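Novice: here you go, sequence then predicted model.
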There are 2 protein chains.
Amino acid sequence: MRHKMNTITDLLRRHRSVRAYSDKTVSDELLDDLISAVQQSPSSINAQQTSLVVVRNTNTRKRISEIAGGQPWIAEAPVFITVIMDFYKTSLAGQKKGLQQKIHESLESTVVGSVDAGIILGNLITAAESLGLGIVPIGGIRNDPAEMIELLQLPPLTFPVAGLCLGYERGESYVKPRLPVSSFRHDEVYKTNGLQKTIEEYDQTLMAHWKEVGRNNGEPWSDTVAGFYQRIYFPKVKPVLARQGFLNDK
Amino acid sequence: MRHKMNTITDLLRRHRSVRAYSDKTVSDELLDDLISAVQQSPSSINAQQTSLVVVRNTNTRKRISEIAGGQPWIAEAPVFITVIMDFYKTSLAGQKKGLQQKIHESLESTVVGSVDAGIILGNLITAAESLGLGIVPIGGIRNDPAEMIELLQLPPLTFPVAGLCLGYERGESYVKPRLPVSSFRHDEVYKTNGLQKTIEEYDQTLMAHWKEVGRNNGEPWSDTVAGFYQRIYFPKVKPVLARQGFLNDK
C-alpha cells in the first residue's frame, strides 16, 4: 500500500528562508486570514499564553533590524511579527478569580511559553508559505530583548521570543539540505551510535550545496555550529526574563 | 480585492485535540513522509537542535501515560512522538572542531531549544492533521522528565520538551473557540486596554461551547487557568535540566 504525499508535506519540504523582499505589500485580508487561522493552534492547558505584535511601520522595522544585530531584511520585508510569550494575559485570569499567579516564577513557564510560541511560529511559517509569502524567522531580537520590550510596549510577564519577516520574495532562494534523517528520528530509544558519521556526511552535503548555489563563503555545518556555540550569545535573555518577572523561584 | 482562503489556513482553523483513538495502525510510509517533511522546518543558525523519538511499543506508551500523570490516550494512540531539545548533537560539531560547546550553560539555549522544538511540534501537528491523523500534544511528560530520559535513553545535553499522540480518531471531537483575536493580535504595539473585557467575553463563549458539546463539567477559561497557574507545577523541569548539563551559568 503506497501512501500518497499531500500538499502540506510537499510544502514543508520546500521551506526556505527568504532574505530579499519586493516592495509588494501584504494585504490586510491575507494577514487576517493567516493570524486568525494560526490562533487555533493548540496551547498547554488551553492557556493561550502567546500574543503577536504585527509591525508594518517602517521606522519600527528599521529599529528592529538594528536590535537584531543588523539584519537588513527586517527593514525590507513589509511585515514583521514578534511572537510574545505572554503570562500577563493569564495573570488577568488569576486577578479575576482572586488567585495569585505563581507559574511565571518557575522555569517551567519559560519552557512551556517558548514551546507554545514555537508552535505558533511554526504554523505562521507554514501557513504564510502556503499563501505565497516568503519568510525568515528571526531569533536575533533576543540580542537586546529590553529594547524590543520598550519598542513594542510589552507589559510585565511577557517576553519577545522570536520574530518573523513576511513579504514577497525578490530574487531566488534555495532549499537547504538537512542532517541525515537518522540523526533526527530515533525509533523507540535515542541512539548515539553513528551520529558523528552523519555529521561528517552532512558537512560534505552542505559544502556540495554551497557550491551548487554559488555561495563561495559557505562553511561545513560543524564549523558554523561550533563557532556560534563556543560562546554564550544573547546573554541578556536571562536578566531581562528576570526583570519581566520570570524565574524567581529560589 | 478579495483574498481567497486556502486549504492550510482552513485546516488550522479545524484543529482539535483528539483523546480517543481507534486501533487502526499508522503506516510506516505515512510516518516517513511526515517526519522527513517536518525535518525541513527552520532552526536557529541551522543548528537543527531538535530530535524525535518515535515510540510504537505498547509497554513504553503505557509507561509514558503514567509519567504524564495518567493520560490513557497515550497508551491508546498507536504512535507517540517525543520532541527532544538536543544540544548533544551540536556538541559533536564542537568536538569535531576541537571547540568546547558553551551555549547549553546559558538560559538562551533553553529558550531557543524550546522554540525550535515548538516549531517542529507545530509542523508535526499540522502535517499530521493534513494526512488525516488525529493528534493531541502532551506537555505532561515534563511531570517527570528524569523518567522520560531513562525510558528513551536520552544522552546528556538533551531534554524531552513535549510529546504528541498520533492515530486515527474514534468518536468525535470539537474545535474549541479561542480568546477574541484582539487579545492575540496587537498592531504596532501591545495594548493592555480591553484585555480584561476580552477575558470576560471568552469565559462566556467557552461556557456556551461546553453546553453545546454536552460537557457538564466545563469551566470558564479564567477558572482553569487561574487554578493551574496559582502553583508551580512541573517543578522537576529545572533540576533535571541542570542534571542534563544545562543552565550552569552563574
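Specialist: Now that the structure is in, tell me what you want to look at.
Novice: ok, longest strand in chain A?
Specialist: Longest among the strand segments of chain A by residue count, using DSSP state E, is strand A:158-167.
Novice: number of nearby residues for residue A:188?
Specialist: By other C-beta atoms under 10 Å in any protein chain shown, 14 other residues sit near residue A:188. Using the backbone N, CA and C atoms, a C-beta is placed for each residue, glycine as well.
Novice: whoops, residue A:56 was the one
Specialist: Using other C-beta under 10 Å, the number of residues around residue A:56 comes to 15.
Novice: list the residues that contact it.
Specialist: With contacts defined as C-beta atoms under 8 Å, 6 or more residues apart in numbering or on different chains, the neighbours of residue A:56 are A:78, A:79, B:187, B:188.
Novice: any of the residues you listed buried? List them.
Specialist: Applying 16 or more other C-beta atoms under 10 Å in any protein chain shown to these, the neighbour count classes A:78, A:79 as buried.
Novice: which of the contacts of residue A:56 fall within strands?
Specialist: A:79, B:187.
Novice: okay, the contacts of residue A:56 in TSV with pLDDT and distance to residue A:98 next?
Specialist: Conversion of those to TSV gives the following (pLDDT from 0 to 100; distance: C-beta to C-beta, whole Å):
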residue	pLDDT	distance to residue A:98
A:78	98	44
A:79	98	40
B:187	98	32
B:188	98	33
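Novice: what mean pLDDT does the longest strand of chain A get?
Specialist: Within the predicted structure, the mean pLDDT of strand A:158-167 is 98.
Novice: got the CA coordinates for it in PDB?
Specialist: Coordinates of the C-alpha atoms in strand A:158-167 are reproduced here as PDB (Å, rounded to 0.1, in the frame of the first residue of the first chain):
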ATOM      1  CA  THR A 158       5.800  38.900  28.700                       C
ATOM      2  CA  PHE A 159       8.900  38.300  26.600                       C
ATOM      3  CA  PRO A 160       9.700  38.700  22.900                       C
ATOM      4  CA  VAL A 161      10.700  35.200  22.000                       C
ATOM      5  CA  ALA A 162      11.300  35.400  18.200                       C
ATOM      6  CA  GLY A 163      10.200  37.300  15.200                       C
ATOM      7  CA  LEU A 164       9.200  36.600  11.600                       C
ATOM      8  CA  CYS A 165       9.700  38.700   8.400                       C
ATOM      9  CA  LEU A 166       6.900  38.300   5.900                       C
ATOM     10  CA  GLY A 167       6.700  39.600   2.300                       C
END
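Novice: who does it pair up with?
Specialist: Partners of strand A:158-167 in the sheet, by DSSP bridges, are strand A:79-86 (antiparallel), strand A:134-138 (antiparallel).
Novice: what about the residue of chain A found nearest chain B, how many residues nearby?
Specialist: Nearest to chain B in chain A, going by C-beta to the nearest C-beta, is residue A:118, at a distance of 1.8 Å. Residue A:118: 33 surrounding residues under other C-beta under 10 Å.
Novice: mind checking the SS state of the closest residue to it other than its chain neighbours?
Specialist: Excluding its sequence neighbours, the residue lying closest to residue A:118 (C-beta to C-beta, 6 or more residues apart in numbering or on different chains) is residue B:118, at 1.8 Å. Three-state secondary structure (criterion: DSSP: H, G, I helix; E, B strand; the rest coil) places residue B:118 in helix.
Novice: who's in contact with residue B:118?
Specialist: Going by C-beta under 8 Å, 6+ apart, the list of residues near residue B:118 reads A:114, A:115, A:116, A:117, A:118, A:119, A:120, A:121, A:122, B:161, B:162.
Novice: who wins for neighbours among those residues?
Specialist: Among those, residue A:118 has the most neighbours (other C-beta under 10 Å), with 33 neighbours.
Novice: and for residue A:232, the neighbour number?
Specialist: The burial metric for residue A:232, expressed as a neighbour count using other C-beta under 10 Å, is 17.
Novice: for residue A:235, which non-adjacent residue is closest in space?
Specialist: Among residues not flanking residue A:235 along the chain, residue B:106 sits closest, at 6.7 Å (C-beta to C-beta, 6+ apart).
Novice: to clarify, my last question referred to residue A:112.
Specialist: In space, and not counting its chain neighbours, residue A:112 is closest to residue A:44: 4.9 Å by C-beta to C-beta, 6+ apart.
Novice: let me know whether that neighbour touches residue B:140 as I believe.
Specialist: No. When contacts are counted by C-beta atoms under 8 Å, residue A:44 is not listed as touching residue B:140 (9.3 Å).
Novice: which of the strands paired with strand A:158-167 is buried the deepest?
Specialist: Ranked by mean neighbour count, the strands paired with strand A:158-167 are led by strand A:79-86 with a mean of 26 (mean count of other C-beta atoms under 10 Å in any protein chain shown).
Novice: chain center to it: distance?
Specialist: Computed by C-alpha atoms, centre = their mean, to the nearest Å, the separation of strand A:79-86 from the middle of its chain amounts to 9 Å.
Novice: what's the first helix or strand after that strand?
Specialist: Downstream of strand A:79-86, the next assigned helix or strand under DSSP states H and E is helix A:87-97.
Novice: strand A:158-167 and that following helix, what's the angle between them?
Specialist: With axes from the mean of the first three to the mean of the last three C-alpha atoms, to 10 degrees as the criterion, the two stretches helix A:87-97 and strand A:158-167 enclose an angle of 130 degrees.
Novice: now check helix A:87-97, is it near chain B?
Specialist: Yes. Under the criterion of C-beta under 8 Å from any C-beta of the partner chain, chain B is reached by helix A:87-97 at A:87, A:88, A:89, A:90, A:91, A:92, A:93, A:94, A:95, A:96, A:97.
Novice: domains of chain A?
Specialist: According to the domain assignment given by automatic domain parsing, chain A is divided into the following structural domains: A:11-175, A:177-232.
Novice: now for the helix or strand bottoming out on mean pLDDT in chain A, which elements pack on it?
Specialist: Least confident element among the helices and strands of chain A, by mean pLDDT, DSSP states H and E: helix A:7-13 (a mean of 91). Other helices and strands packing on helix A:7-13, by 3 or more C-beta pairs under 8 Å, 6 or more residues apart in numbering or on different chains; DSSP states H and E, are helix A:107-130, helix B:7-13, helix B:28-38, helix B:107-130.
Novice: ok, which of those comes nearest residue B:233?
Specialist: Distances from residue B:233 to each of the helices and strands packed on helix A:7-13 were compared by C-beta to C-beta, and the smallest falls on helix A:107-130, at 6.8 Å.
Novice: state the mean pLDDT of that closest one.
Specialist: Helix A:107-130 shows an average pLDDT of 97 in the prediction.
Novice: with stretch A:201-212 instead?
Specialist: The pLDDT scores in stretch A:201-212 average 98.
Novice: what does stretch A:50-69 give?
Specialist: The predicted model assigns stretch A:50-69 a mean pLDDT of 98.
Novice: give me the distance between the two termini of it.
Specialist: Distance between the two ends of stretch A:50-69: 24 Å, counting by C-alpha to C-alpha, to the nearest Å.
Novice: count of residues packed around residue A:164?
Specialist: A count of nearby residues for residue A:164, using other C-beta under 10 Å, gives 23.
Novice: beta partners for it?
Specialist: Per DSSP bridges, the residues bridged to residue A:164 are residue A:81, residue A:137.
Novice: can you pull the contacts of it?
Specialist: Going by C-beta under 8 Å, 6+ apart, residue A:164 touches A:80, A:81, A:83, A:121, A:124, A:125, A:128, A:135, A:136, A:137, A:138.
Novice: and residue A:196, by the same measure?
Specialist: Taking C-beta under 8 Å, 6+ apart as the test, what residue A:196 contacts is B:92, B:95, B:96.
Novice: cheers, nothing more for now.
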